[in-house]
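here's my sequence, what's the structure:
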Amino acid sequence: MDELELKERLNWYENKYGPYIKSKGIHNWKNLFKKPTYNDWVILFMLVMALFIAWSYQHDVSICREYIKQQQDNFGTSNIKSNNLMSDSGLIEVKKEIGYNNT
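Modelled structure (predicted):
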């Protein structure tokens, strides 16, 4: 492209979209107080859902940790850590699985 064509494109974009530098800067604070659009509501909903998912995950993990700690207190940590769990306590015997590589 030559320089004349670039200047014509620049003039066309400035006429259609306005000058880029004047639309940015200290006047952006006015955009905070405009009426929210549909996209703004969607973004807000996504942020709220992300916060809810993070809280829900943290809550579930804390319940699981509490349950595991309670099970360790009830059955003893030595029995849980070993591969031979007591069968009379309602737990089944855990056997170590060995995977074989056929290559």
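
which element is E14 on?
Assessed by DSSP states H and E, E14 sits inside helix 3-17.

what is the mean pLDDT for that helix?
Summarised as a single mean, pLDDT over helix 3-17 is 85.

cool, and stretch 55-64?
For stretch 55-64, the per-residue pLDDT averages 95.

now do stretch 33-41
Per-residue scores along stretch 33-41 average to 89.

what lies in contact with it?
When contacts are defined by CB atoms under 8 Å, 6 or more residues apart in numbering, stretch 33-41 is touched by residues L44. Heads up, the C-betas are built off the backbone N, CA and C, glycines and all.

pull the CA atoms of it into CSV?
Included here for stretch 33-41 are C-alpha records, laid out as CSV according to Å, rounded to 0.1, in the frame of the first residue of the first chain:
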residue,chain,number,x,y,z
PHE,A,33,-22.3,5.7,35.2
LYS,A,34,-24.1,4.8,31.9
LYS,A,35,-27.1,2.5,31.7
PRO,A,36,-25.9,-1.1,31.7
THR,A,37,-26.2,-3.0,28.4
TYR,A,38,-27.1,-6.7,28.0
ASN,A,39,-23.4,-7.6,27.7
ASP,A,40,-22.7,-5.8,31.0
TRP,A,41,-25.4,-7.9,32.7
